[in-house]
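> Have a look at this prediction, sequence included:
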Amino acid sequence: MDTIITNRGKDRRISKYSIIFLVLTIVNNYFLVAFGQSNKEFERIINLSNAMQDIDFYLYKHKDYETQIDLIKQYIGSENPVVRKNCYLWLAFIGHYAQNYRTYVVEMLLDGMNDDRESVVYECYSIMKQFYNKNDFSENAIHKVKKLFYRQLEMFYVLNTYVNSEDKKEKDSCWRIYKNNPVHYDVVKLIGYLEIKELIPDFY
């Protein structure tokens, strides 16, 4: 009799574990399907030529910002400038909705200002000014702004030399440097907004 009772107890435990396993399997499959659908939607949006409204609506539906950032990291190095632009735009929206990502996003947007496509640079610069303020610029971000300024200054000197030099070799050399290192931004206003006073002497 005791053996029968013991076996029944084991059967109940096995049955309970089977139900738990079944529930976990169903839940896991549901999330895999949901993630797959979400991932396909992300891929569709990231390739749109005008993605602002779609990105905004996607963020309204999905709050998994860390997952979205992981996806963005996979696409941000794309050869397609439209995709790169949308990646930075997407990041900017994440920082707009989630305060704890703001400093990270600003640093990423500053990296985007080094892009070789003017459309990408303009998107990064304009949306940074629109959505973000001084408090969102970390020390590392300030350092990146300074690097952008000195790069712009260097290209100004190169272009100035190209315009004023009468030496053909020097002119050709300066043009090659300028052509391969285009600067599609004016970081001066950003420096003024952030009040980076130690750069003032370099303006002269």
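Ah, there it is. Residues are numbered from 1 along each chain as shown.

> where does this protein dip in pLDDT?
1-38, 204 (pLDDT under 70).

> So what are the structural domains in it, by residue number?
1-136, 137-204 (automatic domain parsing).

> need the contact list for L71.
N39, F42 (Cβ atoms under 8 Å, 6 or more residues apart in numbering). For the C-beta atoms, the positions are set from N, CA and C on the backbone; glycine is no exception.

> Distance check, it against K189.
Counting by Cβ to Cβ, to the nearest Å, the separation of L71 from K189 is 32 Å.

> now for the host helix or strand of V105, which elements pack on it?
V105 is part of helix 102-112 when elements are defined by DSSP states H and E. Applying 3 or more Cβ pairs under 8 Å, 6 or more residues apart in numbering; DSSP states H and E, one finds that helix 102-112 makes contact with helix 81-97, helix 118-131, helix 139-164.

> Show me what the last one is packed up against.
Using 3+ Cβ pairs under 8 Å, 6+ apart as the contact test, the elements touching helix 139-164 are helix 102-112, helix 168-180, helix 188-194.

> Pull out the buried residues from it.
Neighbour counts over helix 139-164 (16 or more other Cβ atoms under 10 Å) mark 141, 144-146, 148-149, 151-153, 155, 158, 161-162 as buried.

> possible to save those as TSV with distance to Y178?
Shown next, in TSV, are these (distance: Cβ to Cβ, whole Å):
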residue	distance to Y178
A141	27
K144	22
V145	22
K146	21
L148	16
F149	17
R151	12
Q152	12
L153	13
M155	6
V158	5
T161	9
Y162	6
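
> wait, which of those is closest to Y193?
Nearest to Y193 among those: V145, at 9.8 Å, using Cβ to Cβ.

> in terms of contact, does the closest one touch L190 like I think?
Yes - with contact defined as Cβ atoms under 8 Å, V145 reaches L190; the gap is 6.0 Å.

> now N50: how far from S78?
Separation of N50 from S78 (Cβ to Cβ): 17 Å.
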